[in-house]
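> Give me a 3D structure for the following:
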Amino acid sequence: MEKAPTLEKTQSRRTGDFRSKSRKKSSDPFGGDGDAKEETNHAQQVVRELYTRYKQQLERWRGYRDLAWIMAFSTLLLAVLYTQRQAPIAHKVFQTLEDVLVPEGDSVASTADVYGWLKGVLKDVWKDPLCGDGLCEEPFEYPSYSRYGCRADCGKLNEKMNLTTIQINVEWNFTHPANALESTSLREQSSWNLCPVGPNNGGTEILFSRKCYFGDDHTFASTTGSTSTVLRDVPDGTWEMLIRRDTFHKTKGSVMDHSKVQAIAYYYRVYIAALAAAAQQNTEVNLLEEGHRLATTPFMEYARMKIGSDTGFRDYIIATCACLGVTVEQGRDFNYSQPIPEDDDDTPLILRPFRITQVEPVNTLDDLQTKVCQRYNYTDADRPVLGDGQAWEDLEGDQFKTPYCQNLLLGSSTTIAANSRSVRWAEEQVAEVKRLLVAEREGDEDDNGVADVGQAVYDGLKEYVEENMGELYNPVFQMPRGVLALRDLARAKGQAVYEQFYMGEMLEQGEAYINLTRASVESESDLTLPDLAFRAEARIKEVQLQQDQFLNISIPKDDLFSAETLPESLKVSELIDVFSQALDLTMDSRQCQPDEGQPAYRAPCMEVQLLEGNTVVVSNTTLPEADAPALRNATFGSGNGTGTLYLPYTIVAWYGGGDAYLRDNLDRRGPQYIGECKALDVTCTRNIGSSKNPYNCTYLDSGEKVPGDMTRDPEYRLDCEIPCSEQMDCNALCECGGGGFENTGCGEHEMCECKECSDGMSPDASKDSEFFQLITRSRGGASFDAIAEVDLSERRQLGVQEEINKMLGQTETLQELQDDIQEKMASVTAAEDARKALGNIEEMASLQLQAQEALRRAVQDQVNTIQRNIDEGKITALEALVLYKRTRRDGRIESKRVNLANDPVVRRPTESYMFELRNDPFEKADRARERYVGLTNRVISGLLLHQVRVEDVECGMCDEFGKIDDSCKGEVKTEPYGVDPVFKRGTSLYNPDFDDIDSEIVASIYNCSALDDPT
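Alright, predicted model coming up:
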């Protein structure tokens, strides 16, 4: 390396040599200036070097000068302090520091002594504040919440801050198929807690503690159940519901704003009570109107209804008018137009029905002629046909007319004269009116009449809330205890609100109600149908008044539980209206169609006429969600009191349940089960018990019914049986609409088609090889000729074949066999051999093999059962096909359960559901903790221990020092070493939240190539 030029040489260059070369350069016209340029550059470097050293020298002198000033100032300061402090005080300070900081003894024997000295210093100096000393030392002490903070010194957090009261709802169902992990194991390994997230994980810091809200995780004491926990002191910040080791999504739940739940529950309580009252009032009005109609029906019209045919009623008119006065027996008229001697009533029997009902009084026989015979157009031409050319007028004596009139009486079951049966009909008409107006309304020993209808609606919605909106159950049905609905609607219990709404604003029943009570009606024996009709009409008006009154009742805002967005008040009619908009139903909706044989009051929907005159349709069995868009769009009130009933209260929710593993994360676990909705061309209505017509189908485009059956018409099989069977199979096997909350499924006339269904099950089950073997091996009379053949590829008819085997069954035989098959299918879920409780998830593979073998045996048992019944002639080919399709479908479903029951939905040990609470801004005191040695000596710095690992290298020293230590420090070591106790079971630092099945968590921390920003 070239040495830098000395000062001497540099000076020589700057004088004669330099000038000499310059002169040479000017005298040489052809060049030679390269050496001069080199000399110039070299000189510049020397000058720069000199200047740099000069600056460094100045800085060094300036530093020495500053040091001297500091030392002088420190000496002066210490001297002043020394002169101000007396010797005894100085000794105390020294003695205090010596007692705390100076180790005992004159030597340190081991590292344990060093650690012991450090521990003693920390315990004496770094003391936590004492809770209970009456001084709240913020930020080290803070108001208490959960198990944190100092309540004695700082109070309670929810009293100092406006916090969000949250409600944690958790439901679980750890039932699991046999030959998979035990339900007990799944339950015991699962738990949940509420934990802060912190800024390092993308959250907002909890200002107080960074530990989980609950000291210990909540576990599950039973296989199924639910719990609801209300927390009123959760600080603001980012939290997470931490679900640990719920590997098959057996739990579901939500975190809700408890105050909003309470606030909106008030309106749900009023709405449910209003629907129950409306149902009771509507039913009562219907009964009153029916009773009023029957009470105003003339007797002859009632007789027409009893006879039931126009021909029979015409004969009844003829017998009444033509045979009037004809003697039949014992001197009595045919229709008893004369009083009966042994009867106390002097009224002729033919007039008694009119006397009983008195709707249109017929008091004399002349009235009978004008009000009955002439009214119903009786003429002489209507007289009975006598035969032999004789005319009715030619028969002078009753002995000739009697046989003909007797024939009118006895000739047919619908030919009834106005005799004692008419009296019975009149009595029945009165009794029927009383039944409608009294017994059906008030009830009897078996029921409570119309009150049962309202109560049924109330109880039905109560059941719906319990099953689907459990968070509302307590505030709607249990918490309120008030009984005066009109005085304090917000505090009144739902049953009291319902009973008051039924009566409107009346505090006791009105006169019209009392006049139709059983006691009032039975006490008046001479009540006629016009009397009952008048009372019914009065009660109808009274009920309508009560309904108008309760619909007009104002619902004030709850002063205890409320929200700014809620209206100051709204009417009951407005509440019903907006909830009906949220439901968006019509009486023709599928949800509103009653089940066959269900009583009218159990109908799923009903119409309610509101004050404005419009009629809305509401559901008697379901309720709208609190976040329904219709609730957002409808506003009530005016000015500052304007608001909506849109109040979503769910902060975060997660999906799960006993069968959630069949739907969740199928893209990784079972993509063959993920389907898409496919529209059908027909409607499919199951015809249970029929193997010839298993479905009743209608073409969607034309509305025509698909003709034929399984035996004669390939068109029926092609257009009805095959697509409907495929719909049933695929909908049971495939999952459409996504997993979790998004699993909406397909529409009524759609099929969920997936690879497992389309590839694994032929649409035409009769073409399956297994079914073919069942029939061909049959020793009975089963034959393929009984099943119409179709060609799915050509979609055309290949032939029409008649059924050659008579159907034995007879639904009972088929149902018994189906029950037998179902029992065998239950063996799939029965325990196989002796199993032990397995907690290790790695053993799932062997469990799955066992389950698959159990499934294969169970399906084969079903096939053997079908084969045996075919051989014994108990079932035909069609019935065998029905059973085979069921076996095939059940086998595929159970196979799905087996495959997915041993493949965890979640492979990481924890799942986190984050949410933010931001209610009351709080400025945390940001200052260092004051710590003292003794009473007055404040610690101004701490001690930081930092460990650095280096390589051991040979020193290469001389022999004299090598005997002491022959190794020296080398390069810093950065490679991994040892085992992180966080991931090692059995250590005190082990954290099971990091112990996942695939070891992805430890790899994400220690695998540098997998880190985004390795350091």
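> Poorly predicted segments of the stretch 251-400 of the chain, please.
Low-confidence segments of the stretch 251-400 of the chain, defined by pLDDT under 70: 324-347, 349, 383-400.
> Could you rerun that using 80?
The stretch 251-400 of the chain contains residues with pLDDT under 80 at 312, 315-316, 318-352, 365, 380-400.
> ok, which stretches of it are strands?
251-257, 327-329, 332-333 (DSSP state E, counting those that start in this stretch).
> Take the longest one, keep the C-alpha atoms, and write them as CSV.
Taking only C-alpha atoms (Å, rounded to 0.1, in the frame of the first residue of the first chain), the coordinates of strand 251-257 have been written out as CSV:
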residue,chain,number,x,y,z
THR,A,251,-70.5,-24.3,20.3
LYS,A,252,-72.3,-21.3,19.1
GLY,A,253,-73.1,-18.0,20.7
SER,A,254,-72.9,-14.3,20.6
VAL,A,255,-71.8,-11.2,22.5
MET,A,256,-74.6,-8.6,22.7
ASP,A,257,-75.1,-5.1,24.0
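> was I right about Ser562 contacting Ala263?
Yes - in this structure, Ser562 is within contact of Ala263 by C-beta atoms under 8 Å, at 5.2 Å. The C-beta positions use only the backbone N, C-alpha and C, and glycine is treated the same way.
> How about Val948, nearest residue that isn't a chain neighbour?
Val972 (6.1 Å; C-beta to C-beta, 6 or more residues apart in numbering).
> any idea of the pLDDT on that neighbour?
Val972 is assigned 85 on the pLDDT scale.
> okay, now it: neighbour count?
9 (other C-beta atoms under 10 Å).
> swap in Ile688?
8.
> returning to what we had before: neighbour count: Ser562 and Ala263, which is higher?
Ala263 (24 against 19).
> What sits closest to that one if chain neighbours are left out?
Closest residue to Ala263 apart from its sequence neighbours, by C-beta to C-beta, 6+ apart: Phe561 at 4.6 Å.
> for the one you found, what are its contacts?
Shown in contact with Phe561 (C-beta atoms under 8 Å, 6 or more residues apart in numbering): Ser259, Gln262, Ala263, Ala265, Tyr266.
> Which single one of the residues you listed is nearest to Asp759?
Ranked by distance to Asp759 (C-beta to C-beta), these are led by Ala265 at 49.6 Å.
> excluding its backbone neighbours, what's nearest that closest one?
Pro475 (3.6 Å).
> Which residue would you name as the spatial centre of the chain?
Taking C-alpha atoms, centre = their mean, the centroid of the chain lies closest to Asn468, which sits 5.7 Å from it.
> and that one, what pLDDT?
At Asn468, pLDDT is 89.
> for the one 5 residues further on, same thing?
Note on Tyr473: pLDDT of 91.
> Let me know the secondary structure of it.
helix (DSSP: H, G, I helix; E, B strand; the rest coil).
> Quick check: end-to-end length of stretch 369-379?
Across stretch 369-379, the terminal residues are separated by 11 Å (C-alpha to C-alpha, to the nearest Å).
> Please state the offset of that stretch from the chain centre?
When distances are taken as C-alpha atoms, centre = their mean, to the nearest Å, stretch 369-379 is centred 68 Å away from the chain's centroid.
> what's in contact with that stretch?
With C-beta under 8 Å, 6+ apart, stretch 369-379 has contacts from Met300, Ile317, Ile318, Thr320, Cys321, Ala322, Glu360, Val362.
> I'd like to know how many residues surround the third one.
The local packing count at Ile318 equals 20, with neighbours defined by other C-beta under 10 Å.
> swap in Glu537?
Glu537 has 16 neighbouring residues, counting by other C-beta under 10 Å.
> Over to Val652?
16.
> For it, what are phi and psi?
Phi and psi for Val652, reported as degrees, to the nearest 10, are phi -150, psi 150.
> What of Gln593?
Backbone torsions of Gln593, given as degrees, to the nearest 10, read phi -80, psi 120.
> before we move on, what about Thr517?
Residue torsions, per degrees, to the nearest 10, at Thr517 are phi -70, psi 160.
> what about the closest residue in space to it that isn't next to it in sequence, how many neighbours?
Excluding its sequence neighbours, the residue lying closest to Thr517 (C-beta to C-beta, 6+ apart) is Glu442, at 6.7 Å. Around Glu442 there are 18 other residues, counting by other C-beta under 10 Å.
> now swap in Gln262 and tell me
Neighbour count for Gln262, taken as other C-beta under 10 Å: 23.
> And for Cys968?
Based on other C-beta under 10 Å, the number of other residues close to Cys968 is 13.
> three-state assignment of it?
strand.
> residue contacts, it?
Asp952, Val953, Glu954, Cys955.
> Filter those down to just the ones in strands.
Asp952, Val953, Glu954 (DSSP state E).
> about what we covered before: for the contacts of Phe561, give me JSON lines that also has distance to Gly657.
Shown next, in JSON lines, are the contacts of Phe561 (distance: C-beta to C-beta, whole Å):
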{"residue": "Ser259", "distance to Gly657": "28"}
{"residue": "Gln262", "distance to Gly657": "27"}
{"residue": "Ala263", "distance to Gly657": "29"}
{"residue": "Ala265", "distance to Gly657": "24"}
{"residue": "Tyr266", "distance to Gly657": "30"}
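> Between the two ends of stretch 574-590, how far is it?
25 Å.
> And the contacts of that stretch?
Against stretch 574-590 from outside (C-beta under 8 Å, 6+ apart): 267, 270-271, 274-275, 278, 551, 555, 591-592, 605, 607-608, 610, 614, 616-619, 622-625, 628-631, 634, 636, 645, 748.
> Let's see which of the residues you listed end up in strands.
Ile555, Cys605, Glu607, Val608, Val616, Val617, Val618, Ser619, Phe636.
> which residues sit in contact with the first one?
When contacts are counted by C-beta under 8 Å, 6+ apart, Ile555 touches Tyr267, Val270, Leu489, Ser569, Leu570, Lys571, Val572, Leu575.
> Identify the bridge partners of the closest residue to the second one other than its chain neighbours.
Spelled out, that is Val270. Distance criterion C-beta to C-beta, 6+ apart; nearest residue to Val270, sequence neighbours excluded, is Ile555 at 5.7 Å. For Ile555, the beta-bridge partners under DSSP bridges are Leu570.
> which SS class is Glu911?
strand.
> ok, for it, nearest residue in space, not its chain neighbours?
Ranked by C-beta to C-beta, 6+ apart and with sequence neighbours excluded, the top spatial neighbour of Glu911 is Ile243, at 4.7 Å.
> before we move on, what SS does that neighbour have?
Under three-state DSSP, Ile243 falls in the strand class.
> which among the contacts of Ile555 end up buried?
When these are checked for burial by 16 or more other C-beta atoms under 10 Å, the buried set is Tyr267, Val270, Leu489, Leu570, Lys571, Val572, Leu575.
> and the first one, how far is that from Ala626?
This points to Tyr267. Between Tyr267 and Ala626 the distance is 9 Å, computed by C-beta to C-beta, to the nearest Å.
> do the same with the third one
Shown here: Leu489 relative to Ala626, a distance of 19 Å by C-beta to C-beta.
> The stretch 601-750 of the chain: helices as residue ranges?
For the stretch 601-750 of the chain, the helices defined by DSSP state H, counting those that start in this stretch occupy 629-633, 666-669, 714-716, 722-733.
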